[in-house]
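what's the 3D shape of this:
(chains A and B)
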Amino acid sequence: MSMMNIFNVAGSAVSAQSQRLNVVASNLANADTVAGPDGSAYKARQVTFQTQLMGTMGGDAATAGVTVSNISEDQTPGRRVHDPKHPSADAEGYVTYSNVNAVEEMVNMISASRSYQNNVEVMNTAKSLLLKTLQMGN
Amino acid sequence: MLDRLTSSIDFHGQALSLRAERQRLIASNIANADTPGYVSRDMNFAQALKDATGSQALRVGTTGRLDTTQTGHIAGSGATPGQANLQYSSVSQTSLDNNSVDMDRERASFVDNAVKFEATLRFINGNVRTMLDAIKGQS
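Reported below is the predicted structural model:
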């Protein structure tokens, strides 16, 4: 049943997108964290998607799922604010915040949520088609 | 005799499995909508169906099917029908990550294919019902 593979494909995409949503959530949660005792603040994380061939006999080119190949940290320096009274201020009176860009993360979140919905709809359609196929000849 | 009874259903059966194949293909495209470098693919359905149901002798290589050179030979259907008809879809709007999935087009193709899949199913059901009615007669 080749249609059964649709659930694997769309399922892999759904889990990859939910991982992306997770990363976005942790980035947004840490948007305002300041540098700790070690001097480095939270670094924004980003997922990278990769095509994963699946299906019978070692993967056939027509059945391509998706997987998260790695999660990378954004290495740009964090925002520095002059606030000498802040308990985490360094010797020069600067506080280092995390390098999360809230606007970018919101866009990322909407994109992930749209892709998630698309894949759920794919699964629903495949399910109803399969159910109708099962009732063939009735 | 039985062959003639089911030949029409055979045709729709081939069409149904090709539709399932195409559905899977479009699902892969939608799943990889955010994968960098992924190239969207689609199937030339008319050609694939012609290849899968054609009665003339077909050469191995162009379609992946077995050649029939004598009258007694049975035309082998390739393991994956339509595999030879996979084509890359052209990019309508280029993106920075070289991904060529156009979500609007894929969604439209997906729904289109789902409707045609159901249509094929109804053809099969109608055929089966006709045959059953003929077998049962007036009872």
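
what about the residue in chain A that chain B sits nearest to, which SS state?
Proximity of chain A to chain B (Cβ to the nearest Cβ) peaks at residue A:13, 3.5 Å away. In this view, the C-beta of every residue, glycine as well, is placed from N, C-alpha and C. On the three-state scheme (DSSP: H, G, I helix; E, B strand; the rest coil), residue A:13 is labelled helix.

quick check: closest non-adjacent residue to it.
Of all residues not flanking residue A:13 in the chain, residue B:31 sits nearest, at 3.5 Å (Cβ to Cβ, 6 or more residues apart in numbering or on different chains).

got the contact list for that neighbour?
Residue B:31 is in contact with A:9-10, A:12-13, A:64-66, A:119, A:122, counting by Cβ atoms under 8 Å, 6 or more residues apart in numbering or on different chains.

same thing with residue A:50?
Listed by Cβ under 8 Å, 6+ apart, the contact set of residue A:50 reads A:66-69, B:35.

of the residues you listed, which is the most crowded?
Highest neighbour count within the contacts of residue A:50: residue A:66, with 28 neighbours (other Cβ atoms under 10 Å in any protein chain shown).

before we move on, the earlier item: just the contacts of residue A:50: which are in strands?
Applying DSSP state E to those, the entries found in strands are A:66-69.

okay, the residue nearest to residue A:72 when sequence neighbours are not counted: pLDDT?
Of all residues beyond its chain neighbours, the one nearest residue A:72 is residue A:46 (5.3 Å), with distances taken as Cβ to Cβ, 6+ apart. Reported pLDDT at residue A:46 in the predicted model: 93.

part of a strand, is residue A:46?
Yes: under three-state DSSP, residue A:46 falls within a strand.

so what's it up against?
Residue A:46 neighbours (Cβ under 8 Å, 6+ apart): A:23, A:71-74.

okay, it and residue A:75: tell me how far apart.
11 Å (Cβ to Cβ, to the nearest Å).

for residue B:24, same thing?
Residue B:24 is 39 Å from residue A:75, by Cβ to Cβ.

when the two are compared, which one has more neighbours?
Neighbours of residue B:24 and residue A:75, each counted by other Cβ under 10 Å, are more numerous for residue B:24; the result is 25 against 8.
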